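**Q** mind looking at a prediction? Sequence and model below.
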Amino acid sequence: VVIGTGIAGLFAALNIDPSLKVLVITKDVLEWNNSNLAQGGIAACVDSKDDFEVHYQDTLRAGSYHNESVATHMMIEEAPISIEKLIEYGVKLDRDEKGKLEVTREGGHTNRRILHAKDATGREIIRALGEELRKRSNITLRERVFAIDIITVNNRSLGVTVVDNSGNKALCKGGVVVIASGGIGSIYQNSTNPKIATGDGIAMAYRAGAIVRDMEFVQFHPTALYNDESGQKFLISEAVRGEGAVLRNIHGEAFMENLHEMKDLAPRDIVARSIINEIQKTNIPYLYLDITHKGRAYIMERFPTIFEKCMSIGIDISKEYIPVAPAEHYLMGGIESNLNGETSIKGLYACGECARTGVHGANRLASNSLLEGAVFGYRAAMHINNEILNYENANINISLDNSIANDKKAESNIDLKHLHEEIALTMDKYVAISRNQIDLTKAKEIISGINDLLDENPMNDIYYYELMNMATVALLIIEAALERKKSLGAHYRIDDMEGSVC
């Protein structure tokens, strides 16, 4: 059973031995996930002017050297294999007039190594992988099916309970379960993630007894298109800065010039904090990204999606600055998994954003996320192919032992929408880019209360299950942030006197 249809889940499913039956489930449609929204590209050393060691050092530097060395080396060195697989599956990456793969540069990268499909790389990848998956006779796809919990016996995964939109529950038995369920953006008011990113896989694994790590490291993308409504934010890709765009404060000053040697292409945690510092000097909740010097024809060709989105709200980015502000983007922590995607529960694998492989350290390097999903999705599949006989022998009878298993919906007086808003408001207010002991303690009190309320009012409703997962993951982030007293990467404690913005 594979949970999730982003790049990690699709790579895992496609590379599992075709003699094995695979069930792929996703809570929405196949195409609706964070991978599909990825604009910038996928990082890989495929250019003769680049090398693995430089990519490795860039990744470590961005991650504040909190990275797992072996895993990081492996991901970078296996990147070309993933690119070959993507092309084999029909992904159309941009090429120059000679047919050579084009590469751009993004924040934290010394060299140009980001392969892309205009400014909609993720959409192109998910299109091709989705088409390939639908051709496979051994793979069954079930859309709009929500995974509730992992079933375990003696620390061994045996399957997953699921529910559909009508409230019908079922048990999906599987010798192996792969969690590739994506991120946690909906626990914040402002995120680049779709609303379905509610941390489901991490919460499921945690309830099943799996180890989670590094949950305090939440990345905020520096440049989300600003609007005054909370909710999903449109991302302005880092590739825009990679192609020369400049961050400017409300006075038009290029403020990153003197803050970091890489200027506008400094690692994301540094740029996001620097933007917040500039914003706090004024009463205006945004600043600007300027790419006007590149010209209309270039912008429309290289960044058609961004150009069209901005035009739709009346901003011609070939003539006007883009209003931007940071928004939650990515979780570096998650379910602890090894080089093969194995978790601390036998038969349970994790890959993609929900997994903590250690390759991102305390702050992810731009465009390493699609790469991680592809590399570790593939490695999980290879390991499953080699180990499947060890999992198939588990023939233990399990059934749905749940007081609301057959209920369409249990009655409850709690306001789920209000609780969702309270979780997001709390996380934005107390557990965002800058943190301190008092705020984190207050957040823990609020989120713990929500957890208790949800526990006391069970419902057989997908929104309820999502809220349970959100509250669980929010509390894991808060507790990890409280435990780490010193600033590191994306975890910035303003009460750490030794910490600095840059």
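**A** Looks like it came in fine.
**Q** mind listing what Gly209 touches?
**A** 152, 155, 344-345 (C-beta atoms under 8 Å, 6 or more residues apart in numbering). C-beta coordinates here come from the backbone N, C-alpha and C atoms, glycine included.
**Q** which parts of the stretch 301-450 of the chain are helices?
**A** 304-312, 369-392, 416-430, 437-456 (DSSP state H, counting those that start in this stretch).
**Q** average pLDDT across the third one?
**A** In other words, helix 416-430. Averaging pLDDT along helix 416-430 gives 97.
**Q** what are the buried residues along it?
**A** Within helix 416-430, the residues that count as buried by 16 or more other C-beta atoms under 10 Å are 416, 419-420, 422-424, 426-428, 430.
**Q** do the last one as well
**A** The neighbour-count criterion (16+ other C-beta under 10 Å) identifies 439-440, 442-444, 446-447, 450-451, 454 as the buried residues of helix 437-456.
**Q** do the first one as well
**A** Residues of helix 304-312 classed as buried under the neighbour-count rule (16+ other C-beta under 10 Å) are 306-307, 309-310.
**Q** then stretch 288-304?
**A** 288-292, 294, 299, 302-303.
**Q** where's Arg134 relative to Leu14, distance?
**A** Distance of Arg134 to Leu14, computed by C-beta to C-beta, to the nearest Å: 11 Å.
**Q** now do Gly295 against Val324, distance only.
**A** For Gly295, the distance to Val324 equals 20 Å [C-beta to C-beta].
**Q** actually Lys233, sorry about that
**A** Taken as C-beta to C-beta, the span from Lys233 to Val324 is 9 Å.
**Q** show me what contacts the nearest residue in space to Val29 that is not next to it in sequence?
**A** With sequence-adjacent residues excluded and distances taken as C-beta to C-beta, 6 or more residues apart in numbering, Val29 is closest to Glu143, at 5.1 Å. For Glu143, the contacting residues are 25-26, 28-30, by C-beta under 8 Å, 6+ apart.
**Q** from those, which is closest to Thr198?
**A** Nearest to Thr198 among those is Asp28, at 11.3 Å by C-beta to C-beta.
**Q** the closest one contacts Thr198, doesn't it?
**A** No. Using C-beta atoms under 8 Å, Asp28 is not in contact with Thr198; the gap is 11.3 Å.
**Q** the more surrounded of these two?
**A** Taking other C-beta atoms under 10 Å, Asp28 and Thr198 do not tie; Thr198 has more neighbours (30 against 15).
**Q** ok but the more buried one is inside a strand, no?
**A** No. Thr198: not assigned to a strand; according to DSSP: H, G, I helix; E, B strand; the rest coil it is coil.
**Q** okay but it is in contact with Gly182, surely?
**A** No. Taking C-beta under 8 Å as the definition, Thr198 is not a contact partner of Gly182, at 9.1 Å.
**Q** buried set for stretch 184-195?
**A** For stretch 184-195, using 16+ other C-beta under 10 Å, the buried residues are 184-194.
**Q** between the residues you listed, which sits nearest Asn338?
**A** When those are compared against Asn338 (criterion: C-beta to C-beta), the nearest one is Ile184, at 21.8 Å.
**Q** ok, now which ones touch that closest one?
**A** Counting by C-beta under 8 Å, 6+ apart, the residues that Ile184 touches are 193, 197-199, 202, 218, 328, 331, 470, 473, 477.
**Q** could I get those residues as CSV with pLDDT and distance to Thr121?
**A** As requested, the contacts of Ile184 are exported to CSV (pLDDT from 0 to 100; distance: C-beta to C-beta, whole Å):
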residue, pLDDT, distance to Thr121
Asn193, 95, 17
Ala197, 97, 18
Thr198, 98, 24
Gly199, 98, 24
Ile202, 99, 25
Val218, 98, 23
Glu328, 97, 21
Leu331, 98, 20
Met470, 99, 28
Val473, 99, 27
Ile477, 99, 28
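**Q** just the buried members of those residues?
**A** Neighbour counting over the contacts of Ile184 (16+ other C-beta under 10 Å) leaves 193, 197-199, 202, 218, 328, 331, 470, 473, 477 as the buried ones.
**Q** before we move on, which element is His260 in?
**A** Assigned by DSSP states H and E, His260 belongs to neither a helix nor a strand.
**Q** wait, doesn't it sit right on Arg273?
**A** No. Using C-beta under 8 Å, His260 is not in contact with Arg273, being 10.7 Å away.
**Q** so those two - more neighbours on which side?
**A** Arg273 (24 against 16).
**Q** average pLDDT for the helix or strand containing the more buried one?
**A** In the assignment (DSSP H and E), Arg273 maps to helix 268-279. Helix 268-279 carries an average pLDDT of 94.
**Q** who are the contact partners of the nearest residue to Leu225 once chain neighbours are set aside?
**A** In space, and not counting its chain neighbours, Leu225 is closest to Phe234: 4.2 Å by C-beta to C-beta, 6+ apart. By C-beta under 8 Å, 6+ apart, Phe234 lies in contact with 192, 224-225, 309.
**Q** quick revisit: who has more neighbours out of Arg134 and Leu14?
**A** Leu14 (22 against 10).
**Q** so the more buried one touches Ala128, yeah?
**A** No. Counting by C-beta under 8 Å, Leu14 does not reach Ala128; the two are 10.5 Å apart.
**Q** how close does Lys100 get to Lys49?
**A** For Lys100 relative to Lys49 (C-beta to C-beta), the value is 12 Å.
**Q** residues in contact with the helix or strand bottoming out on mean pLDDT in the chain?
**A** Lowest on mean pLDDT, DSSP states H and E among the helices and strands of the chain sits strand 231-232, with a mean of 84. With contact meaning C-beta under 8 Å, 6+ apart, strand 231-232 is reached by 185, 189-195.
**Q** turn the residues you listed into CSV, including distance to Ser367 and secondary structure.
**A** What follows is those, written out as CSV (distance: C-beta to C-beta, whole Å; DSSP: H, G, I helix; E, B strand; the rest coil):
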residue, distance to Ser367, secondary structure
Gly185, 18, helix
Gln189, 26, coil
Asn190, 22, strand
Ser191, 19, strand
Thr192, 14, coil
Asn193, 17, coil
Pro194, 19, coil
Lys195, 24, coil
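**Q** which two in those residues are spaced the farthest apart?
**A** Spatially, the most separated pair among the contacts of strand 231-232 is Gln189 and Pro194, at 14.5 Å (C-beta to C-beta).
**Q** okay, now the domains of this protein?
**A** The chain is divided into the following domains under automatic domain parsing: 227-327, 416-493.
**Q** rank these by pLDDT, which is bottom?
**A** If the domains of the chain are sorted by mean pLDDT, domain 227-327 sits at the bottom with a mean of 93.
**Q** straight-line length of that one, end to end?
**A** End-to-end span of domain 227-327 (C-alpha to C-alpha, to the nearest Å): 11 Å.
**Q** quick one, strands of the stretch 51-200 of the chain?
**A** Under the criterion DSSP state E, counting those that start in this stretch, strands of the stretch 51-200 of the chain are mapped to 103-104, 114-115, 139-143, 145-153, 156-164, 169-173, 177-179, 190-191.
**Q** return the set of buried residues in the third one.
**A** Yep, that's strand 139-143 we're talking about. Quick answer for strand 139-143 (16+ other C-beta under 10 Å): 139, 141.
**Q** mean confidence for that strand?
**A** Averaging pLDDT along strand 139-143 yields 97.
**Q** now that strand against strand 169-173, angle please.
**A** 160 degrees (axes from the mean of the first three to the mean of the last three C-alpha atoms, to 10 degrees).
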